[in-house]
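Enquirer: Provide a 3D model corresponding to the input given below.
(2 chains)
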Amino acid sequence: MNCDKVRQHWELYYDSEGDAELYLQINEHLADCQACAKWFFQQAQFEDAVTAKLAAAPASSEMWARILSDTGVVRRADARAWSFFGPFFALAASVVLALGIWQFNASTQPEHLSALAAAVHEQLASGTERIEFTSVSDEAVEDYLKGRVAFPVRCPPRKDAGFEVRGGGVCSIAGDNAAYVVGQVEDRDVSIFILPEERLAQFVHERDALVKEQVHHCREGEYDMVVAKIDRNVVVVIGHGHPEQLEKVVRAYGTYPEGPAVKGARITDEPRKPLAV
Amino acid sequence: MPAAEGSSLAKPSDDRTARFLRHMEPLQAALEAYCRRSVHDQNAVGDVLQEATGKAFRDFHLYAEGTNFRAWIFRYLNLEIYAGNRAYHRQRHEALAEEPIVEEVWEQAIDEPLIERLLDNPEHVLSHCDDVLAKAIAELGPMERSVLLLRAIGQFKHREMADILGVPMGTIMSALSRARAQLRIRLAEYASENRLFGPGPLQNPK
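Expert: You can find the predicted model right below:
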């Protein structure tokens, strides 16, 4: 693929659209062509800056209380009570938050995303925790996760990247929700954890590593792991797979050819308390 | 978002209201931001959101649990935004064509070196362009504006935007591409006119 062709497809690449083959071909070209790599970086940098400017501010709680009340979604009395007690609740919440921050600063070491992800993977792979939603359809898993987390989630890697999806769900990592996708790479259990990119600030080790390299490899206990920032996510792939295979999986996250969805999704269990570490 | 017990999971035994609220809660900020950037009459933001929420709640029995609620609710909001904007223009006695004439990107004079300068340091330019950015978005055609904002605020995929807006995927791709190009042109022009580029000290914007 030459430079013109690659640049024609930059929007598909940036939006994580198009097929996995195209994505991999562009990646190969960018690895060899410094001019195109710089050009792609500039385009992405601009679009990221515009997106950041347009990003949603916190919702106006008063307006939403009125909307939900006026539309009959919540009872009027509940909304009034909330409106009346809201400032007191907010004050109490601020005190609790301040205490929490103080305690956090006073007592915690920087957290390692790799160790936390490994703990959840261990529980999922061993069956200690049942997978929330099982499906062999990447689209079904993507749709399931999108309805359950507030941050953007992309499509799991497909078979052509060597990953066979088995399901997904929501867990808690260091106190906040993370999405997970489970599957197999050459019959070995592999988990993918997806967090909003802002969470990277919380994990100093991984944050610093990703400043120096696009894909960070590490090992946690018996598991190999790769971490990368993709689109607006931090993506962690962990399992017994070979590091190169795991990297291929992480690079294929969010890319898929358009085609008919694989059917057969099912929810295995009653909704559960999110798995937490 | 804190990982409250069961906060993000649907319980089949819950009633319709609880399920609706659980779906809505994490989306309120994005719905509001999308609405604020899309409606022409800023005083109507609350009314448009209320109308969309009311209709979605009325039809919530039609929503299939486990499918894409984000796209489902944005579809309602988008219809209300279009209706609200049409009403606003009718009130102002302005003729609003069904498909407003949008200047094609290739018809506009694209100053490539100017765009390159914009791309060199976008954050510096954008930090001085809040109003210009808002105006540039408001000046986009309805389809271009919707697609740009759905992507930026809602992080929707092309096929989801096609569902929300009821148009083919190809239309989404071309509208998004046009919107991005138009935004760059407007911002680059503004930055150039107000000397936001270059090594010299920053001038006061117009």
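
Enquirer: buried stuff in stretch B:28-44?
Expert: Buried positions in stretch B:28-44, judged by neighbour count with 16 or more other C-beta atoms under 10 Å in any protein chain shown: B:28-40, B:44. Yep, even glycine has a C-beta here, placed from its N, CA and C like the rest.

Enquirer: mind listing the helices for chain B?
Expert: B:16-24, B:28-38, B:45-58, B:69-91, B:112-120, B:122-126, B:130-138, B:142-154, B:158-165, B:169-193 (DSSP state H).

Enquirer: For residue A:217, which of the ones you listed is the nearest?
Expert: Relative to residue A:217, the nearest member of the helices of chain B by C-beta to C-beta is helix B:122-126, separated by 30.1 Å.

Enquirer: what comes into contact with the closest one?
Expert: Surrounding helix B:122-126, the residues in contact under the criterion C-beta atoms under 8 Å, 6 or more residues apart in numbering or on different chains are A:45, A:46, A:49, A:50, A:53, B:118, B:133, B:187, B:191, B:196, B:197.

Enquirer: Please spell out the ChimeraX selection for the buried subset of the residues you listed.
Expert: Buried residues among the contacts of helix B:122-126 (16+ other C-beta under 10 Å), as a ChimeraX selection:
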select /A:46,49,50,53 /B:118,133,187,191,196,197
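
Enquirer: how about the contacts of helix B:122-126, which pair is most distant?
Expert: Most distant of the contacts of helix B:122-126, by C-beta to C-beta, are A:53 and B:197, 18.2 Å apart.

Enquirer: So for chain B, the centremost residue is which one?
Expert: Chain B has residue B:149 as the residue nearest its centroid, 2.3 Å off, counting by C-alpha atoms, centre = their mean.

Enquirer: ok, it - contacts?
Expert: With C-beta under 8 Å, 6+ apart, residue B:149 has these contacts: A:54, B:34, B:37, B:38, B:137.

Enquirer: of all those, which comes closest to residue A:142?
Expert: residue B:34 (20.9 Å).

Enquirer: What's the per-residue pLDDT of the closest one here?
Expert: Residue B:34 carries a pLDDT value of 94.

Enquirer: Contact partners for it?
Expert: Taking C-beta under 8 Å, 6+ apart, one finds A:56, B:74, B:77, B:149, B:150, B:153, B:154 in contact with residue B:34.

Enquirer: got a winner among these for most neighbours?
Expert: residue B:74 (28 neighbours; other C-beta atoms under 10 Å in any protein chain shown).

Enquirer: Isn't it up against residue B:150?
Expert: Yes. The pair residue B:74 / residue B:150 is scored as a contact, 6.8 Å apart, by C-beta atoms under 8 Å.

Enquirer: anything in contact with each of those two?
Expert: By C-beta under 8 Å, 6+ apart, the residues touching both residue B:74 and residue B:150 are B:34, B:156, B:164.

Enquirer: Rebuild the residues you listed as JSON lines, extending it with distance to residue A:74.
Expert: Listed next are the shared contacts of residue B:74 and residue B:150 as JSON lines, based on distance: C-beta to C-beta, whole Å:
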{"residue": "B:34", "distance to residue A:74": "22"}
{"residue": "B:156", "distance to residue A:74": "27"}
{"residue": "B:164", "distance to residue A:74": "26"}
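
Enquirer: ranges for the helices of the stretch 151-277 of chain A?
Expert: A:204-212, A:243-252 (DSSP state H, counting those that start in this stretch).

Enquirer: Please work out the average pLDDT along the last one.
Expert: Here helix A:243-252 scores 87 as its mean pLDDT.

Enquirer: try the shortest one
Expert: Averaged across helix A:204-212, pLDDT comes to 84.

Enquirer: Off-centre distance for it?
Expert: In this view, helix A:204-212 has its centroid 17 Å away from the chain centroid, taken as C-alpha atoms, centre = their mean, to the nearest Å.

Enquirer: just to revisit the earlier point, among the contacts of residue B:34, find the lowest-pLDDT one for me.
Expert: Among those, residue A:56 has the lowest pLDDT, at 70.

Enquirer: Give me the secondary structure label for that residue.
Expert: Using DSSP: H, G, I helix; E, B strand; the rest coil, the structure places residue A:56 in coil.

Enquirer: Pop out the phi and psi values for it.
Expert: With angles defined as degrees, to the nearest 10, residue A:56 sits at phi -70, psi 130.

Enquirer: The closest residue to it other than its chain neighbours: what's it in contact with?
Expert: Residue nearest to residue A:56 in three dimensions, not counting chain neighbours: residue B:33, with 3.6 Å by C-beta to C-beta, 6 or more residues apart in numbering or on different chains. By C-beta under 8 Å, 6+ apart, residue B:33 lies in contact with A:54, A:55, A:56, A:57, B:153.

Enquirer: Great, nothing more from me.
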